[in-house]
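Visitor: Predicted model and sequence follow; I will ask about them next.
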Amino acid sequence: MRTLPRFFLFICFLLILTVPPRARGEDRRERIDLLVQGGTVVTMDGKGRMLENGAVAVRGERIVAVGTAADIAARYEAARTVDATGRVVMPGLINTHTHVPMVLLRGLADDLPLMEWLRQYIFPAEAKNVDEDFVRWGTRLACLEMIQGGITTFVDMYYFEDAIADETAKAGMRAVLGQAVLDFPAPDNKTWAEAMAASEKYLRRWKGHALVTPAIAPHAPYTVSPDHLKEAHALSKKHEVPLIIHVAETEAEVKTIREKFKATPVAFLDGLGVLDERVLAAHSIWLDDDDVKTLARRSVGVAHCPHSNMKLASGVAPVPRLLKAGVPVGLGTDSAASNNVLNLWEEIDTAAKLHKLMAKDASVLSAREALELATIGGARAIRRDKDLGSLEAGKLADLIVVRMDGAHQTPLYNIYSQLVYATKFSDVETVVINGKRVMDKRKVLTVDEPAVLAKAREYAKRVRESLRRP
């Protein structure tokens with residue numbers, strides 16, 4: 001009789017072993033913070049993986065796994081889940097060139113060539129209006145606009161960059177932020193010595209930040225002297241930070257540099273020893289074959305800004321030649337004062353079509369290649385492709401969820417084509433940066449939209465009043 005309880009316990013033990021772990025309260029799935037599942041995952045990785053009914057698992061600020069929804073659900077349990085059914089899940093867009101506070105000068109002066117636009121309208125408006133408060137409100141407005149359009153990383157060059165960094169971090173965006181330095185007085189620093197001292201302080205403060213990468217930004221070869229260009233490069237090298245500069249943007253610039261230094265802007269900068277893998281060259285339109293080879297040899301990244309370049313009639317960058325030579329190229333909006341929006345979807349679409357037209361070849365810059373410019377290509381241009389630009393385990397969790405059910409997107413045959421030629425700014429539904437949601441169902445969670453829009457309208461009145469001639 002004493003053996004019965006033992007036999008009974010043995011049978012109970014066997015029964016417990018046959019019950020699935022989840023049914024007996026032992027869920028052995030790994031805990032994660034966020035699961036985005038059910039949509040078509042467009043990874044933009046080296047293999048071009050596209051997963052229907054896929055999923056992305058996120059822990060902290062990193063992606064831990066990308067796979068089918070069934071596989072990921074079996075392996076992970078999430079604190080929060082985003083249902084992306086019927087949508088595309090893809091890397092966040094990377095805007096490789098802009099001047100974010102200039103959103104407050106949007107539409108101030110249009111239909112003018114670059115130098116007239118700058119000297120007669122933009123520089124005077126900045127001199128009379130740009131201060132730290134202007135920059136902070138402009139950054140808030142720009143971050144609001146970029147988040148709404150699925151931009152998760154941007155590259156900036158402007159004044160009071162420390163304030164821009166502060167507002168960018170508060171908005172939860174990722175950015176490479178270049179403190180602008182010039183030979184003439186700027187709104188934040190009146191002398192070169194002041195500008196360099198402020199720049200070094202700024203670099204020290206923000207280096208190592210989770211979202212902000214500080215940079216030095218000598219404006220252009222025609223606004224910064226040779227000695228000062230070398231000094232800015234030395235500061236970049238000392239702190240191991242990026243250097244952002246406008247290069248070969250207009251024919252007038254090329255003519256000026258040739259007359260003064262007997263070289264193209266690229267050859268001139270290379271002769272100074274300032275071109276290296278830390279440099280991001282904005283625009284890079286007027287390049288000869290030797291310039292392209294130099295940029296490739298020096299591993300310089302290029303920011304291509306088709307809309308701004310077209311609107312200012314500056315020219316068309318030789319993007320197919322640059323890509324063929326191995327130059328990393330990303331897409332940029334430039335400022336909203338010259339574009340007039342921070343909408344990278346328009347840049348993707350325009351880039352694809354513009355280069356077909358220029359080459360008279362419809363196969364040039366395919367839809368997938370154009371989308372790469374705004375994702376993994378942009379990451380390569382800013383030297384962050386190990387962390388950004390594609391959805392892969394180990395990379396930073398910067399991703400967006402895009403609706404694909406609009407009338408303008410129906411029917412759907414090819415996802416790359418639909419994303420490039422049909423998808424709009426307003427189709428972006430959810431934005432995740434560094435593992436945190438910053439927009440959910442079109443509501444930006446990190447910026448006070450009504451307050452920012454109201455303040456922007458106030459600034460428009462101030463700017464308009466400041467430019468009235470007596």
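Guide: Thanks, I have it.
Visitor: how about the strands in the stretch 251-400 of the chain?
Guide: 279-283, 301-304, 329-331, 399-403 (DSSP state E, counting those that start in this stretch).
Visitor: how distant is the first one from the center of its chain?
Guide: By that I understand strand 279-283. 14 Å (CA atoms, centre = their mean, to the nearest Å).
Visitor: I'd like to know which elements it is packed against.
Guide: With contacts taken as 3 or more CB pairs under 8 Å, 6 or more residues apart in numbering; DSSP states H and E, strand 279-283 sits against strand 93-98, strand 243-247, strand 301-304. (C-beta placed from N, C-alpha, C; glycine too.)
Visitor: where in the stretch 1-150 of the chain is pLDDT low?
Guide: Within the stretch 1-150 of the chain, the ranges that satisfy pLDDT under 70 run 1-27.
Visitor: That one: strands as residue ranges?
Guide: Shown for the stretch 1-150 of the chain, the strands assigned by DSSP E, counting those that start in this stretch span residues 30-37, 40-42, 50-51, 54-59, 62-68, 76-83, 87-91, 93-98.
Visitor: Among the ones you listed, which comes closest to Asp270?
Guide: Of all the strands of the stretch 1-150 of the chain, strand 93-98 sits nearest to Asp270, with 20.5 Å by CB to CB.
Visitor: in a helix, that's where Arg205 is, yeah?
Guide: Yes: membership of Arg205 in a helix is supported by DSSP: H, G, I helix; E, B strand; the rest coil.
Visitor: What distance do you get for it to Gly172?
Guide: Using CB to CB, to the nearest Å, Arg205 is found at 19 Å from Gly172.
Visitor: More neighbours: which of the two?
Guide: Gly172 (22 against 14; other CB atoms under 10 Å).
Visitor: How is the protein divided into domains?
Guide: Domain ranges of the chain: 23-85, 92-384, per automatic domain parsing.
Visitor: Give me whichever of these is most buried.
Guide: For the domains of the chain, the largest average neighbour count (mean count of other CB atoms under 10 Å) is found in domain 92-384, namely a mean of 21.
Visitor: sorry, back to before: out of the strands of the stretch 251-400 of the chain, flag the one nearest Ala69.
Guide: Using CB to CB as the measure, strand 399-403 is the one of the strands of the stretch 251-400 of the chain that comes nearest Ala69, at 13.8 Å.
Visitor: Would you mind pulling the contact partners of the closest one?
Guide: Contact with strand 399-403 is made by 36, 39, 56, 63, 82, 84, 86-93, 150, 152, 391, 409, 419, 423, 427-432, as judged by CB atoms under 8 Å, 6 or more residues apart in numbering.
Visitor: Give the rounded mean pLDDT of it.
Guide: For strand 399-403, the mean pLDDT works out to 98.
Visitor: Could you export that strand as PDB, CA atoms only?
Guide: Output of strand 399-403 as PDB, limited to C-alpha atoms (Å, rounded to 0.1, in the frame of the first residue of the first chain):
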ATOM      1  CA  LEU A 399      12.500  51.600 -38.700                       C
ATOM      2  CA  ILE A 400       9.200  52.800 -40.200                       C
ATOM      3  CA  VAL A 401       5.900  51.200 -40.900                       C
ATOM      4  CA  VAL A 402       4.300  52.400 -44.200                       C
ATOM      5  CA  ARG A 403       0.700  52.000 -45.300                       C
END
